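Trainee: Generate coordinates for the sequence data below:
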Amino acid sequence: MTTFHNPIGNHYITFHTHNIYKFNLVLNYVINIMHYSFIR
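Mentor: Reported below is the predicted structural model:
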């Protein structure tokens, strides 16, 4: 639990979750494009 008292550890945790969030957005975007291309 020392990472929560460490500003560098906190920054790393927030950066990691932000990367996961961006990855999920890109993944949803690609899945939507594939879905629409399969419909046509």
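Trainee: Check the burial of Val26 by counting its neighbours.
Mentor: Applying other CB atoms under 10 Å, we find 10 other residues in the vicinity of Val26. In short, each C-beta sits where N, CA and C put it, glycine included.
Trainee: how close does it sit to Asn32?
Mentor: Note on Val26: its distance to Asn32, by CB to CB, to the nearest Å, is 11 Å.
Trainee: same check, this time on Thr14
Mentor: When CB to CB is applied, the distance between Thr14 and Asn32 equals 27 Å.
Trainee: got any ranges where this structure has weak pLDDT?
Mentor: Counting by pLDDT under 70, the chain has low-confidence residues at 1-13, 40.
Trainee: now do 90
Mentor: In the predicted model of the chain, residues 1-22, 34-40 satisfy pLDDT under 90.
Trainee: so which helix or strand takes in Lys22?
Mentor: helix 7-39 (DSSP states H and E).
Trainee: Would you mark the buried spots in that helix?
Mentor: Along helix 7-39, no position meets the burial threshold by neighbour count (16 or more other CB atoms under 10 Å).
Trainee: and it, what does it pack onto?
Mentor: The helices and strands touching helix 7-39, judged by 3 or more CB pairs under 8 Å, 6 or more residues apart in numbering; DSSP states H and E, number zero.
Trainee: can you offset everything so residue one is 15?
Mentor: In the new numbering, first residue 15, that becomes helix 21-53.
Trainee: Many thanks, we can stop here.
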